[in-house]
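J.: sequence unknown, structure follows:
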């Protein structure tokens with residue numbers, strides 16, 4: 001369980017960090033407020049990403065196991 005929590009922590013951090021950057025850039029472009037808006041978006045996205053990853057993680061693992069087992 002400890003390993004899954006740590007993996008979820010790092011995965012949710014990385015994904016929310018990069019995705020919030022990308023979406024902020026798409027919406028604002030490179031501007032004088034980009035960094036501040038990006039950090040605001042990241043601050044809000046990371047907790048949501050962590051909770052979602054914790055909730056969906058077991059189902060994603062089961063689906064992955066099913067797909068991998070069915071391959072020849």
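T.: Alright, I've got the coordinates. Please read these numbers as outputs of a predicted model, since none were measured by experiment. Residues are numbered from 1 along each chain as shown.

J.: tell me the pLDDT at residue 33?
T.: The predicted local confidence for residue 33 comes out at a pLDDT of 96.

J.: what does residue 71 give?
T.: At residue 71 the predicted local confidence, pLDDT, stands at 67.

J.: Residue 41 in helix, strand or coil?
T.: State at residue 41, reduced to three classes by DSSP: H, G, I helix; E, B strand; the rest coil: helix.

J.: so it sits right up against residue 23, yeah?
T.: Yes: with contact taken as C-beta atoms under 8 Å, residue 41 and residue 23 are classed as touching, separated by 6.8 Å. All C-beta spots, glycine's among them, are computed from the backbone N, C-alpha and C.

J.: what about the protein, any weak spots by pLDDT?
T.: Segments of the chain classed as low confidence (criterion: pLDDT under 70) are 71-72.

J.: Would you map the helices across it?
T.: 2-28, 34-70 (DSSP state H).

J.: Give me the helices and strands touching the shortest one, please.
T.: When contacts are defined as 3 or more C-beta pairs under 8 Å, 6 or more residues apart in numbering; DSSP states H and E, helix 2-28 packs onto helix 34-70.
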